[in-house]
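In: Prediction below, plus the sequence it came from.
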Amino acid sequence: MNTGSTMQATIARVTEFRGVGLHSGAAVRMELVPAPAGHGIVFERSDLPTGRNRIPALWDHVVPSKLCTLIENDHGARVSTIEHIMAALSGTGIRNLLIRINGPEVPILDGSSAEFVAGILNVGIREQDAQQHAIRVKRPVEVREGEAVARLEPADHLEIDFHIDFVDPAIGRQEKALDMANGAFVRELMDSRTFCRQSDVEAMRANGLALGGSYMNAVVVDGDKVLSPGGLRHQDEAVRHKMLDAMGDLALAGAPLLARYTGNRAGHAMTNKLLHALFSQPDAWEWEICASDLECRLPGAGVAAYGPVNAPALTAVA
């Protein structure tokens, strides 16, 4: 094996998840299957005909969707709510994987990436005999929509800086910045759950969304109250979850980013527009072979040492 550079990785054996889709409410079974070097992350709809059912998890396969990230292939096969599993894969350094799923939506599980990370670490991570490449951002790229801003600028590792501002006192104004190198995702972000207002839940269900949502897989707030049993896992769980989402959406670049991402009131669509803006400007980025001295600066470096694990114990904060 070439020890002078960082190598690609997959999981050591198959692992399975069962649950319901957050928006569809439908039962779903999803398998993570080891894949060869150079394969990338690919979803396979096992309920659809072979040859038309594979969808690469890439930025240019994203189609507009309310409240989640949805990818589609040229045959119309779709998988939605992929952001939490994509964040887990990015955060554990998995670059090659087949995700076999028997329906159109990834299971929501507890509303975070914690169970996905635990499943990955419990089966183990297998290094592959192929060099890992990264995408180095060479100059700032930004997209704006009203007060929402998403920006990438040069950095030697992935950094995420996020700002949110909600009228509900239970969320309010929050901001957080993290260097995502060397397992920070697993330590800091993976257990932070999706969140919404009680009034939003009622509106979404009236429009056929959030049919699988519950107090057990989302943080639901009403004014200054947190309605979900057990309260918050982190005082700033909301902004941490937005960072988790950004991690998953940035993973659709197809390789680790060497960049600082700043999001101000940004969501899934904004982050995808930012990737479109980046890749539409050839002078704004370049491929880089990940030399061995870069390994510790990648998000998944060192996380294999954390396993085998259980999904984190859930401790409420005041």
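Out: Arrived safely, thanks for sending.
In: In three-state terms, label Arg29 for me.
Out: strand (DSSP: H, G, I helix; E, B strand; the rest coil).
In: elements contacting the helix or strand of the chain at the bottom of the mean pLDDT ranking?
Out: Every helix and strand in the chain was compared by mean pLDDT, DSSP states H and E; the lowest is helix 198-206, with a mean of 78. With contacts taken as 3 or more Cβ pairs under 8 Å, 6 or more residues apart in numbering; DSSP states H and E, helix 198-206 sits against strand 219-222. (Each C-beta comes from the backbone N, C-alpha and C, glycine too.)
In: Listing partners with orientation, what would you give for the strand it packs on?
Out: Strand 219-222 has the following strand partners under DSSP bridges: strand 195-197 (parallel), strand 225-226 (antiparallel).
In: What is the neighbour count of Met216?
Out: 13 (other Cβ atoms under 10 Å).
In: tell me the contacts of it?
Out: Asp110, Ser228, Pro229 (Cβ atoms under 8 Å, 6 or more residues apart in numbering).
In: Just the pLDDT at the first one, thanks.
Out: Spelled out, it's Asp110. At Asp110, the pLDDT value in this model is 96.
In: again with Leu298
Out: 89.
In: For the stretch 151-300 of the chain, which segments count as helices?
Out: Ranges of helices within the stretch 151-300 of the chain are 184, 198-206, 237-250, 268-279, based on DSSP state H, counting those that start in this stretch.
In: now the shortest one, how far from the chain's geometric center?
Out: It refers to helix 184. Taking Cα atoms, centre = their mean, to the nearest Å, one finds the center of helix 184 at 14 Å from the center of the full chain.
In: residues making contact with it?
Out: Leu178, Pro299.
In: I'd like the numbering to begin with 54 instead of 1 from here.
Out: Okay, using 54 as the starting number, the last item reads as helix 237.
In: average pLDDT across it?
Out: For helix 237, mean pLDDT rounds to 94.
In: now the last one
Out: Taken as a whole, helix 321-332 has a mean pLDDT of 98.
In: can you put the strands paired with strand 272-275 in JSON lines and add mean pLDDT?
Out: Converted to JSON lines, the strands paired with strand 272-275 look like this (pLDDT from 0 to 100):
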{"stretch": "strand 248-250", "mean pLDDT": "89"}
{"stretch": "strand 278-279", "mean pLDDT": "95"}
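In: Which of those strands has the highest mean neighbour count?
Out: Comparing the strands paired with strand 272-275 by mean neighbour count (mean count of other Cβ atoms under 10 Å), strand 248-250 ranks first with a mean of 20.
In: List of residues touching that one?
Out: With Cβ under 8 Å, 6+ apart, strand 248-250 has contacts from 221, 224, 257, 263, 266, 271-275, 290-291, 294.
In: Need these in CSV (columns: neighbour count and distance to Asp100).
Out: Shown next, in CSV, are the contacts of strand 248-250 (neighbours: other Cβ atoms under 10 Å; distance: Cβ to Cβ, whole Å):
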residue, neighbour count, distance to Asp100
Asp221, 17, 38
Ile224, 21, 37
Met257, 18, 25
Ala263, 22, 22
Gly266, 23, 23
Ala271, 23, 26
Val272, 24, 31
Val273, 21, 31
Val274, 23, 35
Asp275, 13, 37
Glu290, 24, 34
Ala291, 26, 34
His294, 27, 29
